[in-house]
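Q: Structure, please.
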Amino acid sequence: MSTSAPSPLPDHRQRLLDGLARVLTERSYSELTIADIVAAAHVSRRTFYEHFEGKEACLLALCERLSTEVLVLIAQGYDPTADWVEQLQGVTLAYLRSLQAQPALVRSLYLELMAIGPAGLAMRRRIGQRFAQFLMMQVELAKAREPGKRSLSPALATAVVGGINELILQAIEDGQTERLAELAPTVTEFVQAVLKSLEPAA
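A: Purely as a prediction, here's the structure:
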């Protein structure tokens, strides 16, 4: 007599993050409550507090999850055997389209994250550092094929990521979240200029 394997337990943490994401498409972070999140996630308030101290912690976790998803998308579109500058436009477009596909959520996360104080600022910096480190890693991989290329410094990588974020933030503030992909040529030109500056002088 065979017995079926037990079904996996539901991932309540991910359900709560999904619930928060859904609520953020309907109202601002300042207006929503924990009751709204648990209702959208179909879990109890007790379950919420088993995973998060409050709605701020839940928002921070959602921001981190989104940044991880976007970074994975970028990494999947990167071919280490191809020229980084040549494929930059495609990677940039994929990144901006992924944000554009969820305008309400991106708008909430970009604006609300800065409104929750030091914890939000620390999260924004941590996310920025992850993207800066990714850029630095791509340059180091390129150096294996082009030994004369200089490394991308942490400060310059941070400046690149910060510049891109400011372009996105300005578009969001101008109500252009649904048109983020239109930033691709500007972002590509900007990053390409920085990467070109690392090449040895002729």
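Q: State the phi and psi torsions of R45.
A: Its backbone dihedrals place R45 at phi -60, psi -40, with angles given as degrees, to the nearest 10.
Q: no, scratch that, I was asking about L96
A: Main-chain dihedrals, L96, degrees, to the nearest 10: phi -70, psi -40.
Q: so which helix or strand takes in the residue sitting nearest the centre point of the chain?
A: For the chain, S67 is the residue whose C-alpha lies nearest the centre (C-alpha atoms, centre = their mean; 2.5 Å). Taking DSSP states H and E as the definition, one finds S67 inside helix 55-76.
Q: List the buried residues for that helix?
A: Residues of helix 55-76 classed as buried: K55, C58, L59, L60, A61, L62, C63, L66, S67, V70, L71, I74 (neighbour count, 16 or more other C-beta atoms under 10 Å). (Glycine included, C-beta is placed from N, CA and C.)
Q: mind listing what R179 touches?
A: When contacts are counted by C-beta atoms under 8 Å, 6 or more residues apart in numbering, R179 touches Q100, A171.
Q: before we move on, what about V160?
A: With contact set as C-beta under 8 Å, 6+ apart, V160 has these partners: A132, L135, F190, V191, V194.
Q: The first one and P154 touch, don't they?
A: Spelled out, it's A132. Yes - taking C-beta atoms under 8 Å as the definition, A132 is a contact partner of P154 at 6.6 Å.
Q: Give me the more crowded residue out of those two.
A: When A132 is set against P154 and neighbours are counted by other C-beta atoms under 10 Å, the residue ahead is A132, at 21 against 13.
Q: Just say helix, strand or coil for the more buried one.
A: Secondary structure, DSSP: H, G, I helix; E, B strand; the rest coil: A132 is helix.
Q: Let me know the pLDDT of the nearest residue to it once chain neighbours are set aside.
A: Nearest non-adjacent residue to A132, counting by C-beta to C-beta, 6 or more residues apart in numbering: A157, 3.8 Å away. We note a pLDDT of 93 for A157 in this prediction.
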